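Asks: task: produce atomic coordinates for the following.
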Amino acid sequence: MSGTRHVTTRVSDEIARQIQTRILEGSFRPGDRLPPERQFSLDLGVSRSTLREAIQKLESRGLLASRQGGGTFVTDKLDADLVDPWLTAVGDQPGLQEDVLEFREMLEAQTAAWAAERATDADLARIGRAYEALEESYRQPPRPAQIEADVAFHQAIAEAAHNLLVGHLSANLLRLMHEHVRKAIGAMQVTPQVADQLTAQHRAILDAIVARDGTAAEAASRRHIAYVRDRTRSAEVEVLRRERALRRPG
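Replies: Below you'll find the model as predicted:
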C-alpha cells in the first residue's frame, strides 16, 4: 500500500512540475482557469485523483487557487511579489525612468536577437499578428490601445526567445513595462509623424527576426529605445519649461 502511495506521489510531483512549467512559460497566465478536471486529467494521461494531488501541491505554493464550484485559477502571486513595489516606485520617482529604459534596452535587444535565432513558425505568426495590431493601433486613437499593442508586441518577441526565465520575467514585468510605455508614449504626444517612426522601428525589428538576423534584430531594438529615450527627454524638458513659465508672475 505504501509503495502504491509512493508511486502516486511521484506521479503527482511530475504533473505538478508540468503544470508549473506551463505557468512559467506563459501557457497559463495569471487569472486563467485550468481546463475542467475530467478533460485535463485525460490530456495529462493521469487519474483525476492524481491531478487533484498535483493541484493541491501548487495551491500550497500559492501558484493556484480553487474557487468553490468555480474551478481552479492561476494566481498573480509571482507577478505581485516582483512587480508591485517597482510599479509604485516608477510612478513616484521620475528619475527611475532612465533606469527602466536601460533595462528595456538590455531585455528587448537580447530577446530580439534570440527570437531571430530560435523562433518557430508559430512564434513568427504570433509576432506578425502582434505587429499588425500595433500598426493598426497607431493609425488612430485611443492611446491605451497603442500602449497595449506595443507591450504585446515585445512580449511576443520575449516568448519567442525560448528562454523560460526571460519569458516569465518579461511576463511578470509586463505591468512595469506597461507603466513605462504609458509614460513614454504619453510624454511623446504621438503625432502622425511620431507614429510613422514608431511603426517603422517595430517593422525593422520584425523583419530582422523573420530574416533570422539576430545582429540586425538587436540593432533595430536598440535604435527603437534610443528614439524613445530621445523623444521622452525632449517631452520632459518641454513640460518643465511650461511649469516654470506658469510659476512666473504676470
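
Asks: might one say that Ile55 is in contact with Thr72?
Replies: Yes. Ile55 lies in contact with Thr72 (Cβ atoms under 8 Å); the separation is 5.8 Å. The C-beta positions use only the backbone N, C-alpha and C, and glycine is treated the same way.

Asks: residue ranges for the strands of the chain, please.
Replies: Taking DSSP state E as the test, the strands found in the chain are 64-67, 71-74.

Asks: please parse the chain into its domains.
Replies: Following automatic domain parsing, the chain resolves into domains at 2-75, 79-247.

Asks: looking at the ones you listed, which is buried most?
Replies: domain 79-247 (a mean of 17; mean count of other Cβ atoms under 10 Å).

Asks: give the rounded mean pLDDT of that one.
Replies: For domain 79-247, mean pLDDT rounds to 81.

Asks: who touches both of Ile55 and Thr72?
Replies: 34, 64, 66 (Cβ atoms under 8 Å, 6 or more residues apart in numbering).

Asks: which strand residues bridge the spatially closest residue to the first one that is not a sequence neighbour?
Replies: Counting by Cβ to Cβ, 6 or more residues apart in numbering, Thr72 is the residue found nearest to Leu34 once chain neighbours are left out, at 4.6 Å. According to DSSP bridges, the residues that bridge with Thr72 are Ser66.

Asks: hmm, Thr72 is touching Ala54, no?
Replies: No. Between Thr72 and Ala54 there is no contact under Cβ under 8 Å: 10.7 Å.

Asks: surely Arg203 and Leu134 touch.
Replies: No. Assessed by Cβ under 8 Å, Arg203 is found out of contact with Leu134, at 9.3 Å.

Asks: would you map the helices across this protein?
Replies: 2-25, 37-44, 48-60, 77-92, 96-118, 121-137, 143-160, 164-172, 174-188, 192-210, 214-247 (DSSP state H).

Asks: how far does the fifth one sit from its chain's centre?
Replies: Translated: helix 96-118. Offset of helix 96-118 from its chain centre (Cα atoms, centre = their mean, to the nearest Å): 12 Å.

Asks: for Glu218, give me its contacts.
Replies: For Glu218, the contact set (Cβ under 8 Å, 6+ apart) comprises 109-110, 112-113.

Asks: rerun at 7 Å
Replies: 109, 112-113 (Cβ atoms under 7 Å, 6 or more residues apart in numbering).

Asks: do the same with Arg52
Replies: Residues near Arg52 by Cβ under 7 Å, 6+ apart: none.

Asks: how close does it sit to Val46?
Replies: Distance from Arg52 to Val46, counting by Cβ to Cβ, to the nearest Å: 10 Å.

Asks: repeat for Asp76
Replies: On the measure of Cβ to Cβ, Asp76 and Val46 end up 27 Å apart.

Asks: next: Arg17.
Replies: For Arg17, the distance to Val46 equals 12 Å [Cβ to Cβ].

Asks: same deal with Asp150?
Replies: Shown here: Asp150 relative to Val46, a distance of 41 Å by Cβ to Cβ.

Asks: and if you look at Glu108?
Replies: Counting by Cβ to Cβ, the gap from Glu108 to Val46 is 39 Å.

Asks: could you do Gly26 as well?
Replies: Distance of Gly26 to Val46, given as Cβ to Cβ: 23 Å.

Asks: what sits up against stretch 57-65?
Replies: So stretch 57-65 is contacted by 12, 16, 19-20, 23, 55, 66, 72-75, 77 (Cβ under 7 Å, 6+ apart).

Asks: how far out from the middle of the chain is it?
Replies: For stretch 57-65, the distance to the chain centre is 22 Å (Cα atoms, centre = their mean).

Asks: all set now, cheers.
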